[in-house]
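> Just the structure for this:
(2 chains)
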Amino acid sequence: MAAKPTFGQEISNLLYASHGNPLTNCIHCGTCSGTCPVVDFMDQTPRRLIGMINADLKEDVLACNTYWFCASCYHCTVRCPAQIDIADVMYAVKRYSIWHKTYSEDLVGPTFSETFVKTIIRSGRSYEPVLAPTYMFSMGIKEVLQEAHMATQMMLKGRMPVLPTKIKRLENFKKMVRRIIPMGGAK
Amino acid sequence: MKKFAYFPGCSLEKLAQSYNNSSVETTRLLGVELQELEDWNCCGATTYFHVDQLLAYTLVARNLAMAEKEGLDLVAPCSACYKNAYFTNKYIKEDPDLAEHINYALEEDDLQFNGTINVHHVIEIFVNEIGVEKIKSKITNPLEGLRVAPYYGCQIVRPKHNGTDAENPHFFEELVSAMGADTVDYPERLRCCGASLIMTSRHAALNMVRTLLQSAVDCETNVIATACPLCQVNLECYQPQVNEEFGTNFNMPVLYFTQLLGLAMGLPPKKVGIGSELVSAAPIFDKYLKRTVR
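Predicted structure coming up:
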């Protein structure tokens, strides 16, 4: 029987562009953590997260907010002396957590991303107002009011779409999506 | 007139209409035509990649295939669209297996992508295709005395792609000096604005925006120039929230570099989308533009 893959191998398998397991090249220098503009708000630093993946601490990795707080700015990626595409690793862990529904419940990111993708595979274009409810629930009254005020101002300046737009060859587009993700009867 | 397939992206339809108008107008004045790609679809921003990577590449490839069909290189003004298109193009060219998967899906829309085109950010059209010297020769209203902070953000320089310096780029500064403005030596020019964290991790993102705004104020900036709709919205529209959260008093205009360039080339403010700002840019024009642009 084949050995069960380690968590590091599972994550590496989710990386299209970088073949093999780049994570084992990590020398734990901490350049990523020193570079990251969001590090102060993460449960674990990027360096520690890579160490935890390599140590097969799957549950601990998935329970922390680190990978969902990655803004994909790629600053760590361009500086990594071991040429690990760290931002891409964060993407891979995000995908893993969405497919396995293992992300921490108080995060907004996963629902936001799923709603965004659903909007696009239905219409071909994104539409901001549909996304608002996915993150508004995480806010207090004051923030919701601020957000509504801003949206109104944007609307007055003609910067908010009133109606969603659709692409013309939407039927072909939907069939194209189904060749990648079989969705059964789901709409 | 040199022609490109123009992929505006969802943000430029409404949210960043001023970027759309000013990009089309300024390139036209400089002898480049941006021909909008017919029936383009959303590039997926960062969120497709959170859900499924192959789907993300496929949806981007549809736009690439349509540009290839026209025989034109693709131009994107949004940095996230640009990054997605640039790297999808690169990976499809390098990986026949990925190309096969994607082309199988593209068949449903009677498309095929062979990887024969290149992808550019609109700022690269100004810098590489048109050139700073030609731009200088078209400036009729030099923005003398206006202190402009060139804000690169992330994805026009990162991840690394051919021919760019990810740690110390200087093309944006050159473009700003070509407009006759004073280029601010802006220390945070490459630091992330928070991107979609403004929706998903509000507190973290507001902190990031504050850092950028404070640094601009410390450098006596009059206006921040951006090349990305998400950077523009985060830096401009969330200033009231930043002020509320941190007790600051920011009131910093944030414009697209194409708007400033259009004004410097004598285009009427309306034509480059001036007037849709939430933080008014009017004071800087009254003070620094040599003669009234009409």
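> Please count neighbours and contacts with C-alpha atoms only from this point.
Noted.
> Got the domain ranges for chain A?
For chain A, whose domains are defined here by automatic domain parsing, the residue ranges read A:7-99, A:127-180.
> Return the most buried member of the ones you listed.
Across the domains of chain A, averaging neighbours per residue (mean count of other CA atoms under 10 Å in any protein chain shown) puts domain A:7-99 on top, at a mean of 19.
> from the chain's centre, how far out does that domain sit?
Domain A:7-99 has its average C-alpha position 12 Å from the chain's average C-alpha position, going by CA atoms, centre = their mean, to the nearest Å.
> Run through the helices of the stretch 1-150 of chain B in chain order.
Taking DSSP state H, counting those that start in this stretch as the criterion, the stretch 1-150 of chain B contains helices spanning B:17-29, B:48-51, B:53-70, B:79-94, B:96-106, B:122-124, B:132-137.
> now swap in chain A and tell me
Assigned by DSSP state H, chain A shows helices spanning A:7-12, A:31-35, A:46-54, A:58-63, A:75-79, A:86-99, A:109-123, A:128-136, A:141-156, A:170-180.
> The last one close to chain B?
Yes: where contact is defined by CA under 8 Å from any CA of the partner chain, part of helix A:170-180 touches chain B, namely A:Asn172, A:Phe173, A:Lys175, A:Met176, A:Val177, A:Arg179, A:Ile180.
> next one: the longest one
Yes: for helix A:141-156, a contact with chain B is found by CA under 8 Å from any CA, at A:Gln146, A:Met150, A:Gln153, A:Met154.
> you'd agree the first one is up against B:Asn243?
I take that to be A:Gln146. No: with contact defined as CA atoms under 8 Å, A:Gln146 does not count as touching B:Asn243 (11.7 Å).
> Identify the residues contacting whichever residue of chain B sits closest to chain A.
With CA to the nearest CA, the shortest gap between chain B and chain A falls at B:Leu15, namely 4.3 Å. For B:Leu15, the set of contacting residues under the criterion of CA atoms under 8 Å, 6 or more residues apart in numbering or on different chains consists of A:Met154, A:Gly158, A:Arg159, A:Met160, A:Pro161, B:Pro229.
> How about the contacts made by the third one?
Listed by CA under 8 Å, 6+ apart, the contact partners of A:Arg159 are B:Lys14, B:Leu15, B:Ala16, B:Gln17, B:Ser276.
> Not counting its neighbours along the chain, what's nearest residue 88?
As the question left the chain open, I've gone with chain A. For A:Asp88, the nearest residue in space outside its immediate sequence neighbours is A:Leu15; the separation is 7.2 Å by CA to CA, 6 or more residues apart in numbering or on different chains.
> let's do chain B instead
Nearest residue to B:Thr88, sequence neighbours excluded (CA to CA, 6+ apart): B:Tyr57, at 5.7 Å.
> Would you confirm that the one you found contacts B:Lys90?
No: counting by CA under 8 Å, B:Lys90 is not a contact partner of B:Tyr57; they are 10.8 Å apart.
> So for these two, which sits in the more crowded spot?
B:Tyr57 (24 against 16; other CA atoms under 10 Å in any protein chain shown).
> Let me know whether B:Ala166 touches B:Val157 as I believe.
Yes: distance between B:Ala166 and B:Val157: 5.1 Å, which falls inside the contact criterion (CA under 8 Å).
> host element of B:Cys231?
Secondary-structure assignment from DSSP states H and E places B:Cys231 in helix B:229-237.
> which other helices and strands contact that helix?
The contact analysis (3 or more CA pairs under 8 Å, 6 or more residues apart in numbering or on different chains; DSSP states H and E) places helix B:229-237 against helix B:202-218, strand B:254-256.
> which of those sits most buried?
Mean neighbours per residue, mean count of other CA under 10 Å, is largest over those for strand B:254-256, with a mean of 26.
> Show me what that strand pairs with in its sheet, parallel or antiparallel.
Here strand B:254-256 is paired, per DSSP bridges, with strand B:223-226 (parallel).
> How far off centre is the partner strand?
Mean C-alpha position of strand B:223-226 versus that of the full chain (CA atoms, centre = their mean) differs by 11 Å.
> what does it contact?
Residues from elsewhere that reach strand B:223-226 (CA under 8 Å, 6+ apart): B:146-153, B:216, B:232, B:252-257, B:260, B:281, B:284.
> what does stretch A:127-139 give?
Outside of stretch A:127-139, the residues that reach it under the criterion CA under 8 Å, 6+ apart are A:108, A:111-112, A:115-116, A:119, A:144, A:161, A:164-165, B:10, B:199-200.
> quick check: mean pLDDT across that stretch?
Summarised as a single mean, pLDDT over stretch A:127-139 is 79.
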